[in-house]
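S.K.: Have a look at this fold, sequence not included:
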């Protein structure tokens, strides 16, 4: 792919993610205009809004997979891996703000990939409980759900936080709560 075509595709996907997160009925023409490309350029690549949406979800899944790999959830010390994961997933969440759960019924491949990613995180939290970093008496999935909520809050409600500071706050809140010292 030529460099200008790659830039255009990235602009379309990022703009599509942002606009579709704000309004699921956003048109391809609106995405093209906001991305600064001709709508025919978008239609050549994506014949429908659903095809564009699917490409945005694939891009988010690709980015999330890379974060899971780089965090070294099975090898690194649990607290280190958790911080690495959060520090890297916050920018991914900001770049690709669409909730992946919206795509689940429409794209079996996306569902399988998302399930695989959730399974990796669930295994990490079992390891964290086994090593005593998180309580082992919580309902299954509780800590993971809390992490997801905290990451979402840091990524979208506190956009002025750089990823490192966001990770510090998310990890401290998850592991220590917000009780005063």
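M.R.: Done, it's in. None of the values given here were measured: they were computed from a predicted structure. Numbers count the residues shown, from 1 in each chain.
S.K.: Now do the helices in the protein.
M.R.: Remark: helices assigned in the chain by DSSP state H are 3-22, 28-35, 39-45, 49-71, 78-95, 108-130, 142-156, 163-176.
S.K.: Could you chop the protein up by domain?
M.R.: 1-47, 56-176 (automatic domain parsing).
S.K.: Take these and write them to TSV, including mean pLDDT and mean neighbour count.
M.R.: The C-beta positions use only the backbone N, C-alpha and C, and glycine is treated the same way. As requested, the domains of the chain are exported to TSV (pLDDT from 0 to 100; neighbours: other Cβ atoms under 10 Å):
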stretch	mean pLDDT	mean neighbour count
domain 1-47	91	16
domain 56-176	94	16
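S.K.: okay if I get the helices of the chain as TSV plus distance to residue 102?
M.R.: Supplementary listing: the helices of the chain in TSV, determined by distance: least, Cβ to Cβ, whole Å:
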stretch	distance to residue 102
helix 3-22	9
helix 28-35	16
helix 39-45	20
helix 49-71	8
helix 78-95	14
helix 108-130	10
helix 142-156	14
helix 163-176	23
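S.K.: do you know which of the ones you listed lies nearest residue 136?
M.R.: Across the helices of the chain, residue 136 has its closest neighbour in helix 108-130 (4.1 Å, Cβ to Cβ).
S.K.: so what secondary structure elements neighbour the closest one?
M.R.: helix 49-71, helix 78-95, helix 142-156 (3 or more Cβ pairs under 8 Å, 6 or more residues apart in numbering; DSSP states H and E).
S.K.: name the helices or strands packed onto the shortest one?
M.R.: Helices and strands in packing contact with helix 142-156 are listed as helix 78-95, helix 108-130, helix 163-176; criterion 3+ Cβ pairs under 8 Å, 6+ apart.
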